[in-house]
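J.: Quick one: sequence plus predicted model below, questions after.
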Amino acid sequence: MINELFCTRGRSSGGHPRLYEGCGLENIWLVDGFSIIHRNGEELTQVEDVEGLHKAISLHLVRFRKALTGREIKFIRRTIDLTQGELAHQLGTSVQTVARWEKDKVNIPGPEDRLFRITTLLALSEPANFAKLIMEMPKNLDDLDEAPDRPVSFTHLSAADRGWVEAELEAA
């Protein structure tokens with residue numbers, strides 16, 4: 001039996017953003033930068049530049065999420081390529097504490113939260129942009145309210161441009 005592979009580039013059918021389930025987070029949508037692959041009756045999403053996309057998602061989370069969930073902490077930690085032990089060491093806490101944050105057993109306390117965000121910005125942002133992002137962080141976090149999560153969409157620009165960026169979507 002021959003397995004056929006069908007791909008479509010860009011947006012999902014109907015031109016709507018596609019939920020990015022591969023990251024393990026909720027409310028992350030892709031506007032473009034992916035292919036839909038049909039294999040053995042299943043529809044799979046193949047993302048261009050997954051590393052760049054995960055970097056963009058992580059930067060969004062540390063800059064614009066007031067309280068990080070356990071899944072988000074784990075996602076970011078993996079994106080910046082740290083083990084639980086390495087992150088614990090950098091934040092001055094224990095491996096068990098990091099594990100409890102990632103399992104949503106306890107919330108990450110304020111000082112560790114800020115240091116985690118700074119560590120992430122240092123690992124993922126351009127050096128020339130780092131100081132600006134650090135200075136913006138308190139205002140960005142203070143401006144956020146406790147409203148329900150909103151979907152966040154990302155679009156892929158050419159690598160020569162900026163790679164993955166948060167997309168501005170029209171209201172439906």
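T.: Good, I have the coordinates.

J.: what is the mean pLDDT for stretch 71-84?
T.: Here stretch 71-84 scores 98 as its mean pLDDT.

J.: For that stretch, output the C-alpha coordinates as CSV.
T.: Taking C-alpha atoms only, stretch 71-84 is exported to CSV below (Å, rounded to 0.1, in the frame of the first residue of the first chain):
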residue,chain,number,x,y,z
ARG,A,71,2.6,24.6,31.5
GLU,A,72,3.9,28.0,30.4
ILE,A,73,6.9,27.9,32.9
LYS,A,74,7.8,24.4,31.6
PHE,A,75,7.4,25.5,27.9
ILE,A,76,9.6,28.6,28.5
ARG,A,77,12.2,26.5,30.5
ARG,A,78,12.5,24.1,27.6
THR,A,79,12.7,26.9,25.0
ILE,A,80,15.7,28.4,26.8
ASP,A,81,17.2,24.9,27.1
LEU,A,82,17.4,24.6,30.8
THR,A,83,16.8,21.5,33.0
GLN,A,84,14.7,22.0,36.2
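
J.: next one: that stretch to chain centre, how far?
T.: Using C-alpha atoms, centre = their mean, to the nearest Å, the mean C-alpha position of stretch 71-84 is found 10 Å from that of the whole chain.

J.: Now the helix or strand Leu61 falls within: buried residues?
T.: In the assignment (DSSP states H and E), Leu61 maps to helix 50-64. Of all the residues in helix 50-64, those buried under the rule 16 or more other C-beta atoms under 10 Å are Gly52, Leu53, His54, Lys55, Ala56, Ile57, Ser58, Leu59, His60, Leu61, Val62, Arg63. C-beta: built from backbone N, CA, C; applies to glycine.

J.: From the contact counts, what lies against the next helix or strand after it?
T.: As assigned by DSSP H and E, the chain's next helix or strand after helix 50-64 is helix 70-79. Helix 70-79 is packed against helix 50-64, helix 95-102, helix 110-124, with contacts defined by 3 or more C-beta pairs under 8 Å, 6 or more residues apart in numbering; DSSP states H and E.

J.: and with 7 Å instead?
T.: Applying 3 or more C-beta pairs under 7 Å, 6 or more residues apart in numbering; DSSP states H and E, one finds that helix 70-79 contacts helix 50-64, helix 95-102.

J.: The spatially most central residue of the chain: what's it in contact with?
T.: In the chain, the residue lying closest to the centroid (C-alpha atoms, centre = their mean) is Ile57, at 2.3 Å. Neighbouring residues of Ile57 by C-beta atoms under 7 Å, 6 or more residues apart in numbering: Cys23, Ile28, Phe154.
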